[in-house]
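Enquirer: 3D model of this:
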Amino acid sequence: MRIGVPTEIKDNEYRVGMTPSGAGVLASDGHEVFVQAGAGNGSGFSDDEYKAAGAKILADGDAVYEAAEMIVKVKEPIEADLKRLKDGQLLFTYLHLAPVPDLTKALLEKNIVGIAYETITDERKRTLPLLTPMSEVAGRMSVHVGAYYLHKPLGGRGVLLGGVPGVLPGDVVIIGGGVVGTNAAKMAAGLGARVTILDNNLDRLRQLDDIFLGTGVQTVASNPAHIADAVRHADVLIGGVLIPGAAAPKLVTRQMIRDMKKGSVIVDVAIDQGGCVETAHATTHSNPVYDVDGVTHYCVANMPGAVPRTSTIALTNATLPYTRKIAAGGFSKAIEDPGLAEGVNVYKGAITYKAVAESQGREYVPLADTVA
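Expert: This next block holds a predicted model:
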């Protein structure tokens with residue numbers, strides 16, 4: 001298969017869809033890998049490293065899209081990418097389509113075969129192996145970001161999360177006890193903050209209690225009253241809610257924001273799926289924060305792009321087995337893997353992922369009906 005790796009062009013996105021070692025594995029499998037010149041620079045990978053691995057360097061994005069049967073990216077395509085996509089081309093990347101109907105429409109009109117990293121599951125449909133590494137990165141980053149924006153010169157309350165002897169530590173409240181929430185809790189507890197995790201799955205709360213027992217991390221069953229109470233006391237509020245493929249529910253209301261302490265910080269990691277905070281809207285690394293009712297909102301939709309070296313390696317570790325599977329047998333053979341088939345969000349003019357269709361009020365067509 002001919003596989004293309006273009007430069008990411010989203011604002012301050014320094015990751016790249018594949019490491020040189022990943023390109024080397026695919027080349028050794030007998031595939032052609034086309035990498036846009038400079039695509040790996042932001043992650044610290046030179047063109048020479050890709051060449052040494054067996055990839056071919058092409059001058060620009062137009063050439064990569066033209067040469068490839070499958071495009072491997074990190075982030076969803078933006079306008080310039082969409083113009084380059086060829087009719088019926090296979091796109092393997094994070095898509096997060098639920099909150100962006102215009103992107104969905106564009107992919108449908110071009111008959112794109114869109115396989116989304118974030119909805120691929122394991123064989124038992126219990127985990128999201130390609131979303132997990134970036135959720136780990138974003139969860140850990142969220143505490144760094146929250147602690148940074150608590151600084152008074154940046155508009156924060158002037159609270160040191162870990163406190164010092166004789167001074168109480170800050171309060172970190174995490175909504176969602178999944179991968180993001182667990183990694184955020186590890187970092188916050190490590191700093192010495194008081195940590196509260198809310199989730200609506202009692203079994204998950206029991207697991208978290210086993211993990212964090214004795215570390216000062218509290219678990220609370222999630223409901224509107226408990227969320228409102230926790231949010232009111234938060235110095236840093238982290239949103240880590242996920243419904244795979246669907247828009248995130250708005251669990252933190254505008255009124256809850258009004259009741260928060262002035263100078264507190266919200267980091268809505270769920271913003272890729274629309275955010276779980278009513279006042280949240282996507283921001284960029286160029287302009288990452290805004291204020292609502294005296295509360296700083298950080299809602300950068302590609303948080304891991306700020307640590308691209310770590311993120312690109314972690315992402316390729318997870319995606320490469322699936323890339324190899326698609327390349328080796330082609331699309332039809334690859335989707336015999338039920339977990340990989342769950343990643344197909346759009347297929348040649350049809351929405352094939354139910355949660356995306358429901359979020360946008362569009363028709364859902366089961367994948368089996370489109371490829372039969």
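Enquirer: For the closest residue to residue 305 other than its chain neighbours, list the residues it contacts.
Expert: Nearest residue to residue 305 in three dimensions, chain neighbours excluded: residue 13, at 4.4 Å (Cβ to Cβ, 6 or more residues apart in numbering). Where you see a C-beta, it was placed from the backbone N, CA and C, and this is true even at glycine. Residue 13 makes contact with 42, 74-75, 302, 305, according to Cβ atoms under 8 Å, 6 or more residues apart in numbering.
Enquirer: what do you get for residue 72?
Expert: 3-5, 17-18, 92-93, 319, 323.
Enquirer: nearest spatial neighbour of it, skipping sequence neighbours?
Expert: In space, and not counting its chain neighbours, residue 72 is closest to residue 17: 4.2 Å by Cβ to Cβ, 6+ apart.
Enquirer: Residue 10 and residue 305 touch, don't they?
Expert: Yes - contact criterion Cβ atoms under 8 Å: residue 10 and residue 305 qualify, at 7.5 Å.
Enquirer: Identify the contacts common to the two.
Expert: Taking Cβ under 8 Å, 6+ apart as the criterion, residue 10 and residue 305 both touch residue 75.
Enquirer: So which of these two has more stuff around it?
Expert: residue 305 (25 against 19; other Cβ atoms under 10 Å).
Enquirer: Quick check: phi and psi at the more buried one.
Expert: Main-chain dihedrals, residue 305, degrees, to the nearest 10: phi -60, psi -20.
Enquirer: same question, residue 277
Expert: The phi/psi pair for residue 277 (degrees, to the nearest 10) is phi -110, psi 130.
Enquirer: do the same with residue 3
Expert: With angles defined as degrees, to the nearest 10, residue 3 sits at phi -120, psi 130.
Enquirer: Quickly list what it is bridged to.
Expert: residue 33, residue 70 (DSSP bridges).
Enquirer: residues contacting it?
Expert: For residue 3, the contact set (Cβ under 8 Å, 6+ apart) comprises 26, 31-34, 68-72, 323, 327.
Enquirer: For the stretch 51-200 of the chain, which residues score under the pLDDT cut-off?
Expert: Scanning the stretch 51-200 of the chain for pLDDT under 70 picks out the ranges 124-125.
Enquirer: Show me where it has its strands.
Expert: Using DSSP state E, counting those that start in this stretch, the strands found in the stretch 51-200 of the chain span residues 56-58, 70-72, 90-93, 113-116, 171-175, 194-199.
Enquirer: Relative to residue 336, how far out is residue 33?
Expert: Using Cβ to Cβ, to the nearest Å, residue 33 is found at 24 Å from residue 336.
Enquirer: So between the two, which is more surrounded?
Expert: Using other Cβ under 10 Å, the more surrounded residue of residue 33 and residue 336 is residue 33, with 27 against 10.
Enquirer: Check that one and give its pLDDT.
Expert: On the pLDDT scale, residue 33 is placed at 98.
Enquirer: give the contact list for it.
Expert: Residue 33 makes contact with 3-5, 18, 23, 26-27, 50, 54-56 under the criterion Cβ under 8 Å, 6+ apart.
Enquirer: Now for residue 336: which residues touch it?
Expert: Here residue 336 is in contact with no residue (Cβ under 8 Å, 6+ apart).
Enquirer: What strand or helix carries it?
Expert: If you go by DSSP states H and E, residue 336 is not part of any helix or strand.
Enquirer: Then residue 355?
Expert: Per DSSP H and E, residue 355 falls inside helix 354-360.
Enquirer: any idea where the helices of this structure begin and end?
Expert: Assigned by DSSP state H, the helices in the chain fall at 20-28, 47-53, 61-67, 79-84, 101-109, 132-149, 179-191, 202-212, 224-233, 254-258, 308-334, 338-341, 354-360, 367-371.
Enquirer: Show me the one of those that comes nearest residue 243.
Expert: Comparison of the helices of the chain against residue 243 by Cβ to Cβ identifies helix 354-360 as nearest, at 6.8 Å.
Enquirer: Let me see the mean pLDDT of the closest one.
Expert: For helix 354-360, mean pLDDT rounds to 94.
Enquirer: can you dump the C-alpha coordinates of stretch 351-367 into CSV?
Expert: Output in CSV follows, covering the C-alpha atoms of stretch 351-367 (Å, rounded to 0.1, in the frame of the first residue of the first chain):
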residue,chain,number,x,y,z
ILE,A,351,-22.1,7.7,8.6
THR,A,352,-21.2,4.3,10.0
TYR,A,353,-20.7,5.2,13.7
LYS,A,354,-24.0,5.5,15.5
ALA,A,355,-23.0,8.0,18.2
VAL,A,356,-21.8,10.5,15.5
ALA,A,357,-25.0,10.2,13.6
GLU,A,358,-27.1,10.6,16.7
SER,A,359,-25.1,13.7,17.8
GLN,A,360,-25.8,15.4,14.5
GLY,A,361,-29.3,14.1,13.8
ARG,A,362,-28.1,12.4,10.7
GLU,A,363,-28.9,8.9,9.3
TYR,A,364,-26.8,6.1,10.6
VAL,A,365,-25.9,3.2,8.3
PRO,A,366,-24.3,0.1,9.8
LEU,A,367,-20.9,-0.5,8.3
